[in-house]
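Colleague: Everything below, folded, please.
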Amino acid sequence: MKHLDAGTYTLVIHDHSSFHNFHLDGPGVDVASDVDEIGDETFTVQLVDGTYFFQCDAHVGQMHGKFTVGTVTEPPPPAKLAGSIGPGAAAFALRRPAGLAPGAAQVTVTDRTATDGFRLAGPGVAKTTGVKFRGSATWKVTLQAGRYSFGSSRRPKLRRTFTIAGP
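Modeller: Okay, here's the model as predicted:
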């Protein structure tokens, strides 16, 4: 379940473990069962437009989620870009989806050379793998309207550009 209509809901928690719980938090709601308790617990909640989060407080890193209610919609997933560099003087690339727009993006770079680095720069973004780095890196960035350059971090002549159009 990713989206619910606004309204009144009854939650029935069947807790069969003394090391887990259920915690729901969002606009006007903050209810939780006890971590140490085993048994059933019932909560009546009024869900309004917004984003709600649920988790096990003892294991929040592994056991969590979220959903939206009412007129709130989930933002689109981040755009995915893939960059690569080396070996070779002009062996660099950046694959990006068509119609790239301002917003969240995830850039995964594969750097196969220890003599150059992959660079991405533009409005609000300045990332590089470094000259001696070899391996993969993943960057979470927010793209804004404007011009971006990518390519060699050492040789400006081996860079290309792309433009993100404004909203």
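
Colleague: Now the residue nearest to the spatial centre of the chain. Nearest residue, chain neighbours left out?
Modeller: Note on the chain: the residue nearest the mean C-alpha position is residue 78, at 6.4 Å, using Cα atoms, centre = their mean. Counting by Cβ to Cβ, 6 or more residues apart in numbering, residue 78 lies nearest to residue 104, which is 3.9 Å off, once chain neighbours are set aside. No exception for glycine: its C-beta is placed from N, CA and C like everyone else's.

Colleague: for this protein, where's the lowest mean pLDDT among helices and strands?
Modeller: Lowest by mean pLDDT, DSSP states H and E among the helices and strands of the chain is strand 92-95, with a mean of 82.

Colleague: Using CSV, list the CA coordinates for the helix or strand containing residue 80.
Modeller: Here residue 80 sits within strand 79-85, counting by DSSP states H and E. Below are the C-alpha coordinates for strand 79-85, written out as CSV (Å, rounded to 0.1, in the frame of the first residue of the first chain):
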residue,chain,number,x,y,z
ALA,A,79,16.6,10.4,-12.4
LYS,A,80,19.4,7.9,-13.0
LEU,A,81,22.6,9.0,-14.8
ALA,A,82,25.6,6.7,-15.4
GLY,A,83,29.1,8.1,-16.0
SER,A,84,32.3,6.4,-16.9
ILE,A,85,35.9,7.3,-17.6
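
Colleague: Alright, I will stop here.
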